[in-house]
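K.L.:
Just to be clear, the model below is a prediction. Sequence and coordinates:
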Amino acid sequence: MISRLVIATHNRKKAGEMVHILSGRFPSLEVKTLADYPGAPEPEETGDTYAENATIKAESAAAFTGEWSLADDAGLEVDALRGAPGVHSKRFEGEDSSFDHKIGRILEMLADVPEEGRGARFRCFIALSEPPPTRPPAPSVCSQGEHVTLFNAICEGRIAAERSGAGGFGYDPIFYLPELNFTMADLTAEQKHEISHRGKVLREFSDWFAERLSL
């Protein structure tokens with residue numbers, strides 16, 4: 001039986017969102033993050049796809065902690081920028097540039113793009129890695145490797161004309177949700193969990209994982 005799950009990130013905001021969702025669904029599951037493991041590496045995201053990056057992080061965490069490990073990789077895809085920044089969302093405009101700078105640059109690049117051309121989406125992949133020594137592979141929704149299981153989801157929206165909201169993180173202040181008339185950063189944490197790409201994929205994962213807990 002699986003009693004502990006490690007979220008493979010040192011990012012407090014991302015970790016907090018994932019821990020909140022998983023702890024609510026699985027109150028008896030001990031959910032930890034890499035912050036609970038001093039010296040835990042956060043490997044370089046060298047993959048060409050979200051799936052590859054999520055897998056790199058999940059496998060690294062599982063190897064270091066000896067626990068089942070869950071990692072995500074997500075990005076913002078802007079239609080007017082031909083899908084950029086996409087898998088390079090974290091490194092857009094430089095690894096060390098702030099999200100305030102990244103957001104400002106996207107707004108500049110879309111300054112003359114009309115509303116109907118500002119379509120965008122958040123895409124998220126999560127990877128669950130078995131701990132070593134490896135066990136027989138679990139049934140996979142979409143397998144990247146023999147002992148890694150992948151899930152993915154998207155959230156459609158468009159790029160706002162200006163920043164709005166103080167919640168969330170990353171590109172949330174410019175990701176506008178027409179059906180709600182708010183940006184992602186305007187939402188409460190609970191509202192965001194209901195509609196976000198990460199919330200969606202974690203619910204899909206949770207439905208699958210619930211069956212694995214008793215194995």
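P.N.:
Received it, and whenever you're ready, just let me know what you need. Numbering: from 1, shown residues only.

K.L.:
quick check, Ala153 in a helix?
P.N.:
No. According to DSSP: H, G, I helix; E, B strand; the rest coil, Ala153 belongs to no helix; its state is strand.

K.L.:
Please pull out the lowest mean pLDDT helix or strand from the protein.
P.N.:
None of the helices or strands of the chain scores lower by mean pLDDT, DSSP states H and E than strand 143-145, at a mean of 48.

K.L.:
any weak-confidence spans in the chain?
P.N.:
Regions of the chain meeting the criterion pLDDT under 70 cover residues 133-146, 214-215.

K.L.:
most remote residue from the chain's center?
P.N.:
For the chain, the largest distance from the centre (CA atoms, centre = their mean) belongs to Asp112, which lies 29.7 Å off.

K.L.:
check contacts around it.
P.N.:
Residues in contact with Asp112 (CB atoms under 8 Å, 6 or more residues apart in numbering): none are found. In this view, the C-beta of every residue, glycine as well, is placed from N, C-alpha and C.

K.L.:
Next: Ile106.
P.N.:
So Ile106 contacts 78, 81, 85, 159, 171, 174 (CB under 8 Å, 6+ apart).

K.L.:
do you know how far it is from Ile174?
P.N.:
Separation of Ile106 from Ile174 (CB to CB, to the nearest Å) stands at 7 Å.

K.L.:
Could you tell me which residues touch both of the two?
P.N.:
Contact with both Ile106 and Ile174 is made by residues Ile159, according to CB under 8 Å, 6+ apart.
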